[in-house]
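>>> Quick one: sequence plus predicted model below, questions after.
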Amino acid sequence: MRLREAWRARVPLPTSVVLIVAGVYLALKLVRPVIPGSVILLYMGFVIAGAVIHVTLDDGRIRRFADFFIDASARDPGAIRAQRWALLAVIPLLLGWWVYDALRPSYAPPVEIFQRHPTVGEEVLKRIVVPAWAAEPKAWRPEDVATGKRLYEANCAVCHGEKLDGQGLAAEAFRYPIRPANFTDAGTIAQLTLPYVYWRLNVGGLQNQFNSAMPKWVATADEPDASSLHTNDLAPDEAWRVILYLYRATGFEPRTSEAPAAEHAKH
Amino acid sequence: MLAAALLAAGNAFAQDSVAGADYAAVAGIDSRLAVWIAAQLHLMFAAFVLAVPMFALFIEYLGWRAERTDRVEARRYDWLAHEMASLLPVAYSLTAITGALLGFLLFAAYPKVMRHLTGVFGPTFVVYPLFFIAETLCLYFWYYGWRRWQGDAKWFHIVLGLLLNIFGTIVMFIADAWATYMMTPAGVNESGALVRLYDAVWNPGWMPLNVHRLVANVTFGALLCSAYAAYRLLLSDNARERALYDWMGYTGNLIALFTMLFLPFAGYYFGFELFAFSATYGVTLMGGVLSWLFIIQAIVIAVLFVGAAYYSWLGLLRIPGSEAQQRWSPVFNVLLIAGFAVWATPHTMAASIEESTGGFHPVLGALGVMAPKMIAVTLVLVVLYSSYLLYRRAGRVPVVAWASTGTRVEWGLVGLMALTIASLGVYGYFAPAHIRIKTSIWQIYVLIGGIAVTFALDQALLRGARTIAAVRWGTMPRRGQYVLVLLAAVIVWLMGLMGYARSGARLNWHVFGILEDTSAEAGLPSLGEAALVITLITAVFFALLGVAFAIAGLAHGTDERTLAEISPEAGLRGDTR
């Protein structure tokens, strides 16, 4: 109790609030790799709301907070007066910096909100026919999966990794806006149906609005960009075999409409 | 109302449709935007007029039952029910007006869609207005006959209220059939011709949406009633009146919090059926274009809960001598903020090119998955429940002989519950996915079981407890009332957000997989644009609601004698904690 009184006498409520908010901010800034600004903003929103709630929990606190500025007196100890002036200077300066920072021109590309799975129309997926030999996981032939493994290691492993964990040799280079998928994570192929994964191989990402390094793998020869880099590398059957391998190697089952996985519900 | 307008508009446009126009521009406005705003506004007022009679009737019934034991309490409940119902007449007109507007816009701008829907749902378009009229009649007789059917005739009044609720629910169920048919169509063949009306109505999404809407409407209506109470309290200069409205706001908030606990389950049920219908929904909502809405939703829900908790902590200030309990509020505040920060941490993060670690942050990414979020959210519920336990204890002294041991055991159990939930979560974090799902279910069991046991213990502990300081209604700081208004604004915005998610998930389909949207405006707006429209809808809704509040406030004031009799100031005998 006595300690608390002593602390309060030296560090009035406004100072401790500012110290806590600034402390959390600094701590978040110090984490490496850096935490994206959007997330820091979110956290600081919570922290500031918490601080406002704390100060306004009862009228006594509000008074203590306000009196520090309003009820100033020349007889206050020097340390207190210094704090008062420091806060009165720091808060407007910070706000000013904030405005300046928001308005100054910047040449960085805008922040990307990347979609985990690009959205595709039902009509497109409906047209993709899963070959009979690939449709039923229980009936997948080991030789198809083995072919898939060979194709995967030759084509995909540089990015998606030998262990399918998204840690391929080239992965770090392709990290913006999103790194190659980690297939062992429950958030990727475990959430997807076979036609969707096939469609994903079919459209890639680099060549279109989906904006990722994922190449386009399958295309019919009459498509306009069929001659560009990386297209037509896989025949449709080969693509299906790679897909079988993705599921066999990670132990996931393709999602079917009848049995939605529960895991996806929380990102 | 809606259907009547629809039919009228339908006739007017029947001539046009000979020409076979699929879309028509109405007065040069963006039809999609106009329909969006009209539909959402109509839905909000409809939700309100459906929900308020539900709990108002329940409260009226409580009052009726109390008649034999405590006349003052009975009259106070009756006052509360009537006060909540007093918002209904105006809200009802607004429901009808927005509904007519929506109907007109739909028939005018989307002839193709409405031709299709009329083809499938024709008979329901006829039945719908009949039920609506029945609902209207019940409402007006129920509300305006309040004074008349008191005493011996009260049973009749309650029956009227019951009928009102039944008709209202039927009206919503019919409209839900249209809305869900567009998402999860059934009962038609590939080309969209009707095969069986029954299946079209009872399509896979119908029951889940019915359930979800019923529960959410009650939360929504209760929070709006609280906001009304806050509005009346802030304007009142009469201490007795303030006491009553404080009590009303508190009750509304309690109803909202209680029903809000069921919403996630209703949401999962609805989502589950959607995913079962088409995996495209799963991808679109949880990983695709609309997935960011759920991150925003998580943040908004956090705001709702933190706000409600803050209101309950401020509520302690109305109980003199609750300093011992108040001391915990700052601690709970820290726990709650920390818990919600984890809960709202996104798994895939928006980052600039310098910050990017590839969408997933190696440190924070660990917080973004299911296990830590489950720990956070269940512990947050434990904290909220603890606040409630303290609130019940404030100003009361237990008289049972085992009081101090009992209290220690009670809080020991609460601590144990928190510890078990955390340990289960940590275990689940390192376990494979199929076990993790089980541990998260166990966390819920522990939470529910723990609450049941400790609450029973608390009841026993407080049996016959001496009240040293009753709740002094009306003495809560005014900022508490602004919190109630804020909560109402937040729930309205949230409802707009989720309404957009539900409707947007169909992407480029009017009727999913059957009738494609080939209009020029078929694309989804960007996140920012959607947020702006939702905010605009919220603002318009509140402007209209403000009118409803003002009119309801004009129409009647409680007279001084009644106030003196029923105001909680006059001694709240049945402490409703």
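Now that the structure is in, tell me what you want to look at. Residues are numbered from 1 along each chain as shown, chains lettered A, B, ... in the order given.
>>> any idea whether the residue in the stretch 151-267 of chain A positioned nearest to chain B is helix, strand or coil?
Of all residues in the stretch 151-267 of chain A, A:Arg179 sits closest to chain B, at 2.8 Å by C-beta to the nearest C-beta. Glycine gets a C-beta too; all of them are placed from N, C-alpha and C. Per DSSP: H, G, I helix; E, B strand; the rest coil, the local secondary structure of A:Arg179 is coil.
>>> I'd say it and A:Gly166 touch.
Yes: at 6.1 Å, A:Arg179 and A:Gly166 qualify as touching, with contact defined as C-beta atoms under 8 Å.
>>> between the two, which one's more packed in?
Between A:Arg179 and A:Gly166, A:Arg179 has the larger neighbour count (other C-beta atoms under 10 Å in any protein chain shown), namely 23 against 19.
>>> Kindly provide the distance from the more buried one to A:Gln191.
18 Å (C-beta to C-beta, to the nearest Å).
>>> just the strands in chain A please.
Using DSSP state E, no strands are found in chain A.
>>> Which stretches in it count as helices?
Remark: helices assigned in chain A by DSSP state H are A:2-10, A:13-30, A:37-55, A:59-70, A:78-103, A:122-127, A:132-135, A:142-155, A:157-160, A:194-203, A:236-250.
>>> who wins for proximity to B:Asn508 among these?
helix A:122-127 (8.2 Å; C-beta to C-beta).
>>> Briefly note if the closest one comes near chain B.
Yes: Helix A:122-127 comes into contact with chain B (C-beta under 8 Å from any C-beta of the partner chain), by way of A:Glu122, A:Glu123, A:Leu125, A:Lys126.
>>> And the pLDDT for residue 47?
Just going to use chain A. Looking at A:Val47, its pLDDT stands at 96.
>>> um, chain B though
Looking at B:Ala47, its pLDDT reads 94.
>>> OK, contacts around it?
The contact partners of B:Ala47, by C-beta atoms under 8 Å, 6 or more residues apart in numbering or on different chains, come to B:Arg213, B:Ala216, B:Asn217, B:Phe220, B:Gly221, B:Met495.
>>> Neighbour-wise, which one of the residues you listed leads?
Ranking the contacts of B:Ala47 using other C-beta under 10 Å puts B:Gly221 first, with 28 neighbours.
>>> burial of the nearest residue to that residue once chain neighbours are set aside, as a residue count?
Spatially, and ignoring its direct neighbours in sequence, B:Gly221 is nearest to B:Ala51 (3.0 Å; C-beta to C-beta, 6 or more residues apart in numbering or on different chains). Using other C-beta under 10 Å, B:Ala51 has 29 neighbouring residues.
>>> got it, and B:Asp246?
Residues near B:Asp246, counting by other C-beta under 10 Å: 26.
>>> same deal with A:Leu19?
A total of 11 residues lie near A:Leu19 under the criterion other C-beta under 10 Å.
>>> how close does the closest residue to it other than its chain neighbours sit to A:Asp58?
Spatial nearest neighbour of A:Leu19, chain neighbours left out: A:Val11 (7.6 Å); criterion: C-beta to C-beta, 6+ apart. For A:Val11, the distance to A:Asp58 equals 19 Å [C-beta to C-beta].
>>> More neighbours: the two, which one.
Set A:Val11 next to A:Asp58 and count neighbours by other C-beta under 10 Å: A:Asp58 wins out with 17 against 14.
>>> Surely that one and B:Leu317 touch.
Yes: at 6.1 Å, A:Asp58 counts as touching B:Leu317 under the criterion of C-beta under 8 Å.
>>> what residues do those two have in common as contacts?
B:Gln326.
>>> Tell me where the stretch 451-577 of chain B has helices.
In the stretch 451-577 of chain B, the helices defined using DSSP state H, counting those that start in this stretch lie at B:478-504, B:527-555, B:560-566.
>>> so which of those helices is the most packed in?
Of all the helices of the stretch 451-577 of chain B, helix B:478-504 has the most neighbours on average by mean count of other C-beta atoms under 10 Å in any protein chain shown, namely a mean of 20.
>>> ok, which stretches of chain B are strands?
Counting by DSSP E, chain B has strands at residues B:396-397, B:466-467, B:509-511, B:515-516.
>>> Just put those strands in CSV and tack on distance to B:Ser386, mean pLDDT and mean neighbour count.
Shown next, in CSV, are those (distance: least, C-beta to C-beta, whole Å; pLDDT from 0 to 100; neighbours: other C-beta atoms under 10 Å in any protein chain shown):
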stretch, distance to B:Ser386, mean pLDDT, mean neighbour count
strand B:396-397, 16, 86, 16
strand B:466-467, 21, 83, 12
strand B:509-511, 47, 92, 20
strand B:515-516, 52, 90, 18
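>>> Just the pLDDT for A:Pro36.
pLDDT for A:Pro36: 85.
>>> Tell me the spacing between it and B:Ser352.
7 Å.
>>> And for B:Ser236?
From B:Ser236 to B:Ser352 the distance is 51 Å (C-beta to C-beta).
>>> Tell me who's in contact with the nearest residue to A:Leu169 once chain neighbours are set aside.
In space, and not counting its chain neighbours, A:Leu169 is closest to A:Val158: 5.5 Å by C-beta to C-beta, 6+ apart. Contacts here follow C-beta under 8 Å, 6+ apart; on that basis A:Val158 touches A:Gly168, A:Leu169, A:Ala170.
>>> out of these, which are buried?
A:Gly168 (16 or more other C-beta atoms under 10 Å in any protein chain shown).
>>> okay, and for the chain, where does confidence drop off?
Just so you know, I chose chain A. The model of chain A has pLDDT under 70 over residues A:1, A:112, A:204-211, A:219-232, A:257-267.
>>> wrong one, chain B
Short version for chain B, where the test is pLDDT under 70: B:1-20, B:358-359, B:433, B:555-557, B:569-577.
>>> I am finished for the moment; much appreciated.
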